[in-house]
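Asker: Next come a sequence and a model predicted from it.
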Amino acid sequence: MIGAPGASPSQARDPVSASVSGTLLGFDFGERRIGVAVGETSTRIASPLTTIAGVANAGKFDAIERLVREWQPCAFVVGRPQHADGSRHAVALRAVKFARRIAGRHGIPVFMVDETLTSSAAEATLRETRTRSSRSGDVDALAAALILQSYLDDPVVHERLAS
């Protein structure tokens, strides 16, 4: 809320409130599964929420619609994969297409976040903290939380998807 009447100087410089304020849904897009996380700009904390699995896109988008109705997000954060050397990953174009589709369906901003090595980090975290073996869905939801947390930690460095 830069320049908003009644905003304190610290609020005017706050990078989170300068971009969006409220609940965010984060996505780790995959062709078979989509990890989902939820976070709040006020607390700057992201948490794994669920994993959407299925073959048909219609079913995946229906599940996202239900999450949007439940959580009422002010924005989406979608991971864009890259190789560790910074080169473009094959799934990156599909992740951007997914981001454009959810932006078009819901009319809210989408921010793209580099998700390099988030799945590996999620797997390592789950190995360290769990006594039972992790399911693929656990990894995807935690990877989505890591993507969303990256946005919450420094929102001004991430790309806002052009409408």
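Answerer: Received the coordinates, thanks.
Asker: Now the longest helix along the chain: buried residues?
Answerer: For the chain, the helix that runs over the most residues, judged by DSSP state H, is helix 136-153. Neighbour-count burial for helix 136-153 flags 137-152 (criterion: 16 or more other Cβ atoms under 10 Å). Using the backbone N, CA and C atoms, a C-beta is placed for each residue, glycine as well.
Asker: what does stretch 65-77 give?
Answerer: Judged by neighbour count (16+ other Cβ under 10 Å), stretch 65-77 contains these buried residues: 67-68, 73-77.
Asker: Filter these down to the ones in helices?
Answerer: 67-68.
Asker: Output the buried residues of stretch 65-77 as a markdown table; include the columns distance to residue 47.
Answerer: Shown next, in a markdown table, are those (distance: Cβ to Cβ, whole Å):
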| residue | distance to residue 47 |
| --- | --- |
| 67 | 13 |
| 68 | 17 |
| 73 | 14 |
| 74 | 17 |
| 75 | 16 |
| 76 | 16 |
| 77 | 13 |
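Asker: I'd like to know which of the buried residues of stretch 65-77 is nearest to residue 109.
Answerer: Proximity of the buried residues of stretch 65-77 to residue 109 (Cβ to Cβ) peaks at residue 75, which lies at 4.5 Å.
Asker: mind listing the strands for this protein?
Answerer: Listed in chain order, the strands of the chain (DSSP state E) span 23-28, 33-40, 45-53, 75-80, 110-114, 159-160.
Asker: Lowest average confidence across those strands, which one?
Answerer: Ranked by mean pLDDT, the strands of the chain bottom out at strand 159-160, which scores a mean of 86.
Asker: same for that one, what does it pack against?
Answerer: Strand 159-160 is packed against strand 110-114, with contacts defined by 3 or more Cβ pairs under 8 Å, 6 or more residues apart in numbering; DSSP states H and E.
Asker: Just want the angle from the strand it packs on to helix 136-153.
Answerer: Between the axes of strand 110-114 and helix 136-153, defined by axes from the mean of the first three to the mean of the last three Cα atoms, to 10 degrees, the angle is 100 degrees.
Asker: what pairs with strand 110-114, and is each one parallel or antiparallel?
Answerer: When pairing is defined by DSSP bridges, strand 110-114 lines up against strand 75-80 (parallel), strand 159-160 (antiparallel).
Asker: Mind listing residues that contact that strand?
Answerer: 19, 26, 75-80, 82, 95-96, 99-100, 102-103, 147-148, 150-151, 155, 158-161 (Cβ atoms under 8 Å, 6 or more residues apart in numbering).
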